[in-house]
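>>> compute the structure for the input listed below.
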Amino acid sequence: MTPPAEDSRADSALAAPPPQCPAHAYGAGGVARLYGTAAETDPMGLYEQLRERHGAVAPVLLPGDLPAWLVLGYREVLDVARTPSRFSRDPRLWRAAREGKITPDHPLTPFSTWQPICAFVEGDLHERWRGAINDSLARFDRRGVRRHITRFTNQLVDDFCTSGKADLVHDFAEPLPMLVMTQLLGMSEEYGPRLVQAARDMLKATETAVASNEYVMEALRKTVARKHADPGPDFTSWLLEHPAKLTDDEVEQHLRMVLIAAFETTANLIANTLRLVLTDPRCRANLAGGHMTLPDAVEQTLWDEPPFNAMLGRWATQDTELAGQHIKAGDLLVLAFAAANVDSAIRPDPTAPVHGNRSHLAFSGGPHECPGQDIGRAIADTGIDALMSRLPDIRLAVAESELTWVASLVSRHLVALPTEFTPQAPQPPAPPLLPKGDVPGTQPSSSSTPIPAPDAPAPQPRTSWWRSLMRRIFRR
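Model (predicted):
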């Protein structure tokens, strides 16, 4: 990629940072750094500045001042995502990597090192690996998965319900997805707390990201070895026995992909949806009045605050053009989902509600669209509903202006969500839901029912948290 300062089409105005931005946010030739304080403090602000200066596709610098293109436009993101013949997911095409600029300890190594997973290949191999993922995910029973989510939600709430206060990021939004996913993958629950820390560290692209990645892989290697000896009704065993005949390494790498993607997206989705429900009067009124369901609130959050604000990456397979920018073969493209979701070309009023509209790009698009998005949605809406049923008067314990976020290269998440509520007693131990010998979360035959999209749930009776929500609204 040619920096704007050296491009014959660039004018002098593009060679200097905007006056409202600190100079260290920009590198040589006035190209914006997509890392560091400025990018992590206000990524959306940076995206809009870049859109204003460059349009739908902007030149940026990644850690180590490696050049890349940031795709900001909705239609352009879809164009890139849907045309693997021009923009491949195979990182071996990356010119910077071929030139030796991505060292083993580089923070982007866990994201850009080729691995035998469906996310990094195209064509027949992609269809084979992706088919194994889709078929295995489809074997989960919707009701069984939701029972797991409710059980783990109650366990987490029992840990803090007597205190009358909780940080819903650290006490709920982060541990719940990892507890559910380790269960679905057939992993030991003891891995959960450390896996949360390792996953966060990897996604921040820190200096210890490589070591964190190794911890995750070691846990998965042990799980695969155990499932060879003692298979069960879980995602790992189903991948091992799939007709696609994945190798152990292929299974381990796909487990890593599913585990990390599900954790980050779902933890952020839960935290952001809870913030919306607890702080937005319009959302509270719509929920209380029946004009919005909890799944509607989840979709609104996916539009406004997608779990991944940007994602590496696509690599150009040939010299091409995108939104007036000349992309060279081997260039890296970063897809800015958060910016695309508020593109005025498709969303003129970003404050308007988008109930029932799933055309956001929170889960990308095209052949590499997230395969487990409905499990993420189920964890979010089932977990939040169970939480608020247990704690119907839960409320934010600080002013909304005191909430803070931390952003990395690919994600932005709440640091904390302090809440308070009337102390409650823990639930008594629940009796087994199924007869001995049955396993919750699966059906006994290979014709298990896939998890349907929860966009059209059957009407549910108002629970106590709905009544409490209505009372709080009408007391205002």
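>>> can you give me the strands in this protein?
Per DSSP state E, the chain carries strands over the ranges 32-33, 57-62, 66-71, 87-88, 165-167, 311-316, 320-322, 325-327, 332-335, 395-396, 405-407, 412-414, 418-420.
>>> out of these, which is closest to residue 426?
Residue 426 lies closest to strand 165-167 among the strands of the chain, at 13.4 Å (C-beta to C-beta). (Glycine included, C-beta is placed from N, CA and C.)
>>> where are the low-confidence patches of the stretch 301-450 of the chain?
430-450 (pLDDT under 70).
>>> what ranges do the helices span in it?
Taking DSSP state H, counting those that start in this stretch, the helices of the stretch 301-450 of the chain run over residues 337-341, 373-390.
>>> export the strands of the chain to a markdown table and tack on distance to residue 113?
Converted to a markdown table, those look like this (distance: least, C-beta to C-beta, whole Å):
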| stretch | distance to residue 113 |
| --- | --- |
| strand 32-33 | 22 |
| strand 57-62 | 15 |
| strand 66-71 | 14 |
| strand 87-88 | 15 |
| strand 165-167 | 34 |
| strand 311-316 | 12 |
| strand 320-322 | 25 |
| strand 325-327 | 22 |
| strand 332-335 | 14 |
| strand 395-396 | 41 |
| strand 405-407 | 23 |
| strand 412-414 | 24 |
| strand 418-420 | 38 |
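>>> returning to what we had before: relative to residue 152, which of the helices of the stretch 301-450 of the chain is closest?
helix 373-390 (7.9 Å).
>>> and that closest one, what does it pack against?
helix 142-160, helix 175-185, helix 248-279, helix 294-304, helix 464-475 (3 or more C-beta pairs under 8 Å, 6 or more residues apart in numbering; DSSP states H and E).
>>> and these, which is most packed in?
Using mean count of other C-beta atoms under 10 Å, the stretch among the helices and strands packed on helix 373-390 with the greatest mean number of neighbours is helix 175-185 (a mean of 25).
>>> how far off centre is it?
Averaging C-alpha positions (C-alpha atoms, centre = their mean, to the nearest Å) puts helix 175-185 15 Å from its chain's average.
>>> name the helices or strands packed onto that helix?
helix 142-160, helix 192-203, helix 235-241, helix 248-279, helix 373-390.
>>> starting at the chain centroid, how far to the last one?
Spelled out, it's helix 373-390. Distance, stretch centre to chain centre, for helix 373-390: 15 Å (C-alpha atoms, centre = their mean).
>>> next one: the fourth one
On the basis of C-alpha atoms, centre = their mean, helix 248-279 sits 5 Å off its chain's mean C-alpha point.
>>> what angle separates it from helix 373-390?
Orientation of helix 248-279 against helix 373-390 (axes from the mean of the first three to the mean of the last three C-alpha atoms, to 10 degrees) gives an angle of 40 degrees.
>>> ok so, going back, who wins for proximity to residue 132 among the helices and strands packed on helix 175-185?
Evaluated with C-beta to C-beta, the helices and strands packed on helix 175-185 place helix 235-241 nearest to residue 132, the distance being 5.9 Å.
>>> got the buried residues for that closest one?
The neighbour-count check on helix 235-241 (16 or more other C-beta atoms under 10 Å) flags 235-240 as buried.
>>> closest one to residue 88 out of those residues, please.
Of all the buried residues of helix 235-241, residue 239 has the smallest distance to residue 88: 24.2 Å, by C-beta to C-beta.
>>> could you measure from that closest one over to residue 129?
Noted for residue 239: a distance of 10 Å to residue 129, by C-beta to C-beta, to the nearest Å.
>>> between those two, what contacts are shared?
246, 254 (C-beta atoms under 8 Å, 6 or more residues apart in numbering).
>>> which one is the most centrally placed residue in the chain nearest to, not counting chain neighbours?
Nearest to the mean C-alpha position of the chain, by C-alpha atoms, centre = their mean, lies residue 265 at 2.1 Å. Nearest residue to residue 265 in three dimensions, chain neighbours excluded: residue 307, at 3.7 Å (C-beta to C-beta, 6 or more residues apart in numbering).
>>> okay, how far is it across stretch 81-97, tip to tip?
22 Å (C-alpha to C-alpha, to the nearest Å).
>>> quick one: distance of that stretch to the chain centre.
Distance of stretch 81-97 from the chain centroid (C-alpha atoms, centre = their mean) equals 21 Å.
>>> with stretch 409-421 instead?
Centroid displacement of stretch 409-421 relative to its chain, using C-alpha atoms, centre = their mean, is 14 Å.
>>> quick one: end-to-end distance for it.
Length of stretch 409-421, first residue to last, C-alpha to C-alpha: 35 Å.
>>> list the buried residues in that stretch.
Quick answer for stretch 409-421 (16+ other C-beta under 10 Å): 409-414, 416-417, 419-421.
>>> can I get the helices and strands packed on helix 175-185 in TSV with distance to residue 180?
Shown next, in TSV, are the helices and strands packed on helix 175-185 (distance: least, C-beta to C-beta, whole Å):
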stretch	distance to residue 180
helix 142-160	6
helix 192-203	10
helix 235-241	11
helix 248-279	8
helix 373-390	5
